[in-house]
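> Below is the structure, and that's it, no one-letter string:
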């Protein structure tokens, strides 16, 4: 599954919407610019679209795996707000080749996660379309939503796992490398896990949070922009999973650049002034927050500005 | 814009989901099977998808008109629950031909209605896709949601306007009939109005309600099935707008069958034991609720069972 390609194009649209469509309703505590909107009453709502060719490849996704995958990606936005999932609505766009059996398998895939995280499938829409795909709307609840906008100078930047694994897995499946040599990457691409439980563990300490759906550089840019701070990623603290290192060697990619651009890991990228040891929680400290603006990579004793770098820009 | 074709296929999926995915969360007061899900706290949430070729034709829809149209269709679900709109989330699927200018016009179209009905555009998603389209998630609020399931024997069936006008307008535009001869139909297809204000007027009296998006027969079936009643539509009380009569004459369609199948009028179809005269509200009484099951058409002194019949069954 590809990065959602939310780069300059999306940032431009977000800026446009905020300028021309500011929030007015008192029920809306937080609108455009976060992982989910926040309603008075503690509900958070997010929506994500997934379409064939752009976001997934049915050559190696079964309908069951696909259902589970898109549900993980969708619930990940709820995790990023430190909320627990309550309900999802599914808008399916079906083509002629998608029959009732396929739809059942897809829903079985959804259910692997909705049952695990105890949320309902509570509605949706089914339409005919020329491209197969779906939009998932997720509803979560929290007494204290964790926003992208709370990072403060002096905080550190953390991530809940290795990055780049999902993209490595996607390349392995797409280009038919030997899957048995990349078990973690393949597993991560096919069966990512929304970090609902991890969000629950860190919410007391975190000042800002986002899920890594668009790649480390883009996602860090979102945190920096929403918080009005500068964030420095330390290249030497970026953990490189052996499978990512191996694939980058084979493809002659620079592993750091690969990790900056690779999306869809659905880990939590968050800031905190500190974090105690929490049982069962794996985190890496990969950077720091300072006064200023923008995102930088510290490497070789210097700070290099980095741009949001998804795969492609919108409109291309 | 075509009927959403929610007929037997959708009913089958709804039955499947209800059986295998029952509601469990205490926050979810009402899930699959209504115009919107209902959350504790009075929020209602609905989601609707619209895709090129299936749901709209860019040969006669400008991006601005399209934006207004899909927003009307989406807010109509909120009206059907007798709620007021609070916020919408827009998931856009863009192709190469949809540039920033087109997106701005589309949002201007959305804003025609979100501003009129005072709700926020509070988030969404933008992805590349091989088919242009969008999914709109609408959030509304009400202290007493009006469900599909409250119709009782002895109630009457009402509708807030003529039916079939939008479909007449679509045919006129599609087949290039003279638009000036069908001003109401063309207006209705291009610029439908969500019946937010009307819903507010009738909510005190109505026992069940749905918006007419899929055609009178399908929508009445939804009311009958959810309420566990039989509904009889009186053919002689079905109002026929002159433009619908004229087009049906030209195309040799039976006007009653046309109205039963024609969708996208986005009127309120509701039941009530009675309705006082309400200033500024136009309603037609078109049928009655009795004990039993199913939907019937009373014509020529007899009752004929009618099936849910989306647009594709007529004229094809």
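In hand now; what should we look at? Note that this is a predicted model, so its numbers are computed, not measured.
> Flag the shaky bits of chain A, pLDDT-wise.
Where chain A drops to pLDDT under 70, the residues are A:1-11, A:309-316.
> So which residue is dead centre in it?
residue A:213 (2.5 Å; Cα atoms, centre = their mean).
> Now do the helices in chain A.
Applying DSSP state H to chain A gives helices spanning A:8-20, A:63-80, A:100-116, A:165-174, A:183-190, A:196-202, A:216-227, A:242-251, A:255-261.
> can you tell which of those is closest to residue B:77?
Across these, residue B:77 has its closest neighbour in helix A:63-80 (20.6 Å, Cβ to Cβ). Just so you know, the C-beta spots here come from the backbone N, C-alpha and C atoms, and that holds for glycine as well.
> Return the list of helices and strands in contact with the closest one.
strand A:43-51, strand A:84-94, helix A:100-116, strand A:133-141, helix A:196-202, strand A:206-211 (3 or more Cβ pairs under 8 Å, 6 or more residues apart in numbering or on different chains; DSSP states H and E).
> Let me know the angle separating it from strand A:206-211.
160 degrees (axes from the mean of the first three to the mean of the last three Cα atoms, to 10 degrees).
> between helix A:63-80 and helix A:216-227, how many degrees?
Relative orientation of helix A:63-80 and helix A:216-227, computed by the same axes, to 10 degrees: 30 degrees.
> how far does helix A:63-80 sit from the chain's center?
Distance of helix A:63-80 from its chain centroid, counting by Cα atoms, centre = their mean, to the nearest Å, is 10 Å.
> and the stretch 101-250 of chain A, which residues reach chain B?
A:103-104, A:107, A:111, A:114, A:118-131, A:133, A:135, A:137, A:139, A:141 (Cβ under 8 Å from any Cβ of the partner chain).
> List buried residues within these.
A:103-104, A:107, A:111, A:114, A:119-131, A:133, A:135, A:137, A:139, A:141 (16 or more other Cβ atoms under 10 Å in any protein chain shown).
> just to revisit the earlier point, need the winner for burial among the helices and strands packed on helix A:63-80.
strand A:133-141 (a mean of 29; mean count of other Cβ atoms under 10 Å in any protein chain shown).
> Given that strand, what are its sheet partners and their directions?
Strands that pair with strand A:133-141, judged by DSSP bridges, come out as strand A:43-51 (antiparallel), strand A:84-94 (antiparallel).
> residues contacting residue A:43?
A:86, A:139, A:140, A:141, B:39, B:41, B:43 (Cβ atoms under 8 Å, 6 or more residues apart in numbering or on different chains).
> quick check, nearest of those residues to residue A:255?
Residue A:255 lies nearest to residue A:140 out of those, by Cβ to Cβ, at 33.9 Å.
> what's the distance between the nearest residue to residue A:165 once chain neighbours are set aside and chain B?
Spatial nearest neighbour of residue A:165, excluding adjacent residues (Cβ to Cβ, 6 or more residues apart in numbering or on different chains): residue A:188 at 4.2 Å. Computed as Cβ to the nearest Cβ, to the nearest Å, the residue A:188 to chain B distance reads 21 Å.
> again with residue A:18
From residue A:18 across to chain B, the span is 10 Å (Cβ to the nearest Cβ).
> care to break chain A down by domain?
A:8-141, A:156-305 (automatic domain parsing).
> Pick the most buried one from the ones you listed.
domain A:8-141 (a mean of 22).
> Next up, the contacts around residue A:142.
The neighbourhood of residue A:142, defined by Cβ under 8 Å, 6+ apart, consists of A:42, A:44, A:81, A:82, A:83, A:84.
> right, and out of the contacts of residue A:43, which lies closest to residue B:152?
Nearest to residue B:152 out of the contacts of residue A:43 is residue B:39 (Cβ to Cβ; 25.7 Å).
> ok, now which ones touch that closest one?
Neighbour list for residue B:39: A:43, A:86, A:87, A:139, B:27, B:28, B:29, B:45 [criterion: Cβ under 8 Å, 6+ apart].
> Tell me which of the strands paired with strand A:133-141 approaches residue A:74 most closely.
Nearest of the strands paired with strand A:133-141 (Cβ to Cβ): strand A:43-51, 4.9 Å.
> farthest pair in the contacts of residue A:142?
Farthest-apart pair in the contacts of residue A:142 is A:42 and A:82; separation 11.3 Å (Cβ to Cβ).
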